[in-house]
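Asker: Sequence and predicted structure, then a few things I'm wondering about:
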Amino acid sequence: MSRVKLGITCYPTYGGSGVVATELGLELANRGHEIHFISYAPPIRLTGVHPNIHYHEVEVSRYPLFDYPPYDLALATRMAEVAELYELDLLHVHYAIPHSVSAMLARQMLAAGKTQRKLPFVTTLHGTDITLVGQDRSYLPITRFSIEQSDGVTAISNYLRERTLREFDIANHIDVIYNFVNCEIYRRDEHAAERRVEYAPNGERILVHLSNFRPVKRVTDTIEIFDRVRKRVPSKLLLIGDGPDRSRAEWLAVQKGIHGDVLFLGKQDEVYEKLALADVMLMPSELESFGLAALEAMACEAVPIATRVGGVPEVVEHGKTGYLASVGDVDSMAEYASVLLTNESRLQEMGKACREAAEARFSAARIIEQYESFYRRVLERSS
Ligand code: GMT
C-alpha cells in the first residue's frame, strides 16, 4: 500500500500489548511507512535507530494540586500536535484505556481546529483492557464509548472479539488480527545447543517461563510444575521477566529446596536468545486473550504447556503444537512436560510443528499485510 504516516501509542513498559505495538511499528517502518511512537517513554523493544521511526515523548507536568497527573490529557495534546506537525494520516492505539479516549479527543481537537484536519484513529484491544480494567464501573462507560467512537477496532483473538461484543454490548464491527512473531529473529540458531551449557551444564532439560509476573500469570504454578518435573527429569527452569509475584515465586522455590535449579533472569531485552535454548515453555495463566509469549516460544521450537483459557486454544493446538490443561491443574501440566521431555523424537517433532504453525499462521509478513489492508479500509472510509 502507499506510504502511511502513522502515530502509534502503547504502554511502553514490559507487557504484550507494548511488544506487539512496537514490533508492528518496526515491521511497518521496514515496509516504508513513516511511524511516530507517542508515549511517556520509549517502547521497551524500540532499540536502535531507524530512518522511518520517530519517537515523541509525552511530558506530564506535576503540579501540587494534581494528586493524579492527567496523563490522558497530555497524551491527547501531544497526539494532536504530532499529527498536525507531521501530517499524520492515522493514529493506532494499543490497549483501549486510556489511549482510545486520548485519541478521540485529539481527533476532535483537530477537526475543530483552523486546518480542520481529519485524524481517524483505530484501537486494538489486547485483553485486560476489556477483561479486567474495562469491567470496572469507573472505566466501563468511557471505554465502551471510545471503542464505539473508534474508526476501526481490532482484537487479537476471536475470544476477545466475542467477549467484547457480548460484555460491552457495542455496535462496532471488530476485526480479528492475530498477534504475530518475527520468525527471522525468533528461531533456533545453530549456536543454541552450545549456549545451553551456560544454564544446563550437565545436559539437563530446559523449561522456560516469560511474563510480567502479575497474579494473572500464576507464576507460582510454574514453580509447582517444575518441582514435579524435576523429580522425574533432570532439568532447569529459566524465568524471564519481573513483577509483583516474583518474590512469592522465589520463596516457593526456596521452600521446595529447588532454588538452585530455578534461574530468575529478570527483564531481558533479547528474549529470543533464551527462548531458543528451551525445550518446553510453561504458561499456566489464569487468563490469556492470546498468549504472545507462547507464540514467541513456538517460533523458537520450544513447546508450550499452557492453560486452556481465553484465546490460547486459537494459538496452541493441544497434542500437536503443545499441551493444554485446566487452570491450576499443575499435575497434568507436569505430566505432559515430563512425558515429552523423556521422549526425544516426540519433542523434536512437536518443536518442528510449533515452528511450522508460527510461520504458517502468525508470521509477521502475513499479519502485517492484514494490518495494512485494515488501515486502507479505514482511510478510504474516512476520506
Ligand atoms: O498479560 C498481561 O498482563 C499484559 C497484557 C498487555 O496488555 O500487555 O497482555 C495482553 O496482551 C497480549 C498481547 O496482545 C496478549 O498476548 C495477552 O494474552 C494479553 N493478556 C491477557 O489477556 C491477560
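Answerer: Looks like it came in fine.
Asker: I'd guess Ile147 is in a helix, am I close?
Answerer: Yes - counting by DSSP: H, G, I helix; E, B strand; the rest coil, one finds Ile147 located in a helix.
Asker: which ones are touching it?
Answerer: When contacts are counted by Cβ atoms under 8 Å, 6 or more residues apart in numbering, Ile147 touches 96, 100, 123, 125, 153, 164, 168, 170, 172. Yep, even glycine has a C-beta here, placed from its N, CA and C like the rest.
Asker: what about the fourth one, how many residues close to it?
Answerer: Around Leu125 sit 29 other residues, with neighbours defined as other Cβ atoms under 10 Å.
Asker: Please name the nearest non-neighbouring residue to Gly291.
Answerer: Nearest residue to Gly291 in three dimensions, chain neighbours excluded: Val312, at 4.8 Å (Cβ to Cβ, 6 or more residues apart in numbering).
Asker: Quick check, pLDDT for that neighbour.
Answerer: Confidence per residue is given as pLDDT, and for Val312 that number is 98.
Asker: ok, Gly310 touching Glu288?
Answerer: Yes - between Gly310 and Glu288 there is a contact under Cβ atoms under 8 Å: 4.9 Å.
Asker: Which residue of those two possesses the greater neighbour count?
Answerer: A count of neighbours by other Cβ under 10 Å puts Glu288 above the other of Gly310 and Glu288, at 27 against 21.
Asker: Can you give me every residue that contacts the more buried one?
Answerer: Taking Cβ under 8 Å, 6+ apart, we find Glu288 in contact with 127, 294, 306-307, 309-312.
Asker: ranges for the helices of the stretch 51-200 of the chain?
Answerer: Remark: helices of the stretch 51-200 of the chain, listed N- to C-terminal, are 71-86, 99-112, 128-131, 140-149, 158-168, 192-199; assignment by DSSP state H, counting those that start in this stretch.
Asker: and Ser17, which of those is closest to it?
Answerer: Within the helices of the stretch 51-200 of the chain, the stretch nearest Ser17 is helix 128-131; the backing value is 7.8 Å (Cβ to Cβ).
Asker: Give me the contact list for that closest one.
Answerer: With contacts defined as Cβ under 8 Å, 6+ apart, helix 128-131 is touched by 17, 95-97, 143, 160, 163-164, 167-168, 216, 287, 289, 310.
Asker: same check, this time on stretch 174-181
Answerer: 16, 20, 23-24, 27, 124-125, 152-158, 161, 164-165, 290, 292, 295-296, 298-299, 314-315, 358, 361-364, 366-368, 370-371, 374.
Asker: how about 7 Å then?
Answerer: Contacts of stretch 174-181 from elsewhere in the structure, counted by Cβ atoms under 7 Å, 6 or more residues apart in numbering, are 20, 153-158, 161, 164-165, 290, 292, 295-296, 299, 358, 362-364, 367, 370-371, 374.
Asker: now the residues you listed: which count as buried?
Answerer: Among those, those buried by neighbour count (16 or more other Cβ atoms under 10 Å) are 20, 153-157, 161, 164, 290, 292, 295-296, 299, 358, 362-364, 367, 371, 374.
Asker: Return the residues of this structure in contact with the ligand.
Answerer: If contact is defined as Cβ under 6 Å from any ligand atom, the residues of the chain in contact with the ligand are 15-17, 20, 95, 126-128, 156, 179, 212, 214, 216, 287-292, 310.
Asker: and the strand or helix carrying Val19, C-alpha only, in CSV?
Answerer: Using DSSP states H and E, the secondary-structure element containing Val19 is helix 16-30. Extracted as CSV, the C-alpha positions of helix 16-30 are listed here (Å, rounded to 0.1, in the frame of the first residue of the first chain):
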residue,chain,number,x,y,z
GLY,A,16,2.4,-8.0,25.5
SER,A,17,0.5,-5.0,24.1
GLY,A,18,3.5,-2.8,24.1
VAL,A,19,5.6,-5.5,22.5
VAL,A,20,3.0,-6.0,19.7
ALA,A,21,2.7,-2.3,19.1
THR,A,22,6.5,-1.8,18.9
GLU,A,23,7.1,-4.8,16.6
LEU,A,24,4.2,-3.6,14.4
GLY,A,25,5.8,-0.2,14.1
LEU,A,26,9.2,-1.7,13.3
GLU,A,27,7.7,-4.0,10.6
LEU,A,28,5.7,-1.2,9.1
ALA,A,29,8.8,1.1,9.0
ASN,A,30,10.7,-1.7,7.2
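Asker: Quick one: mean pLDDT over it.
Answerer: Taken as a whole, helix 16-30 has a mean pLDDT of 94.
Asker: for stretch 376-383, same thing?
Answerer: If you average the pLDDT values across stretch 376-383, you get 93.
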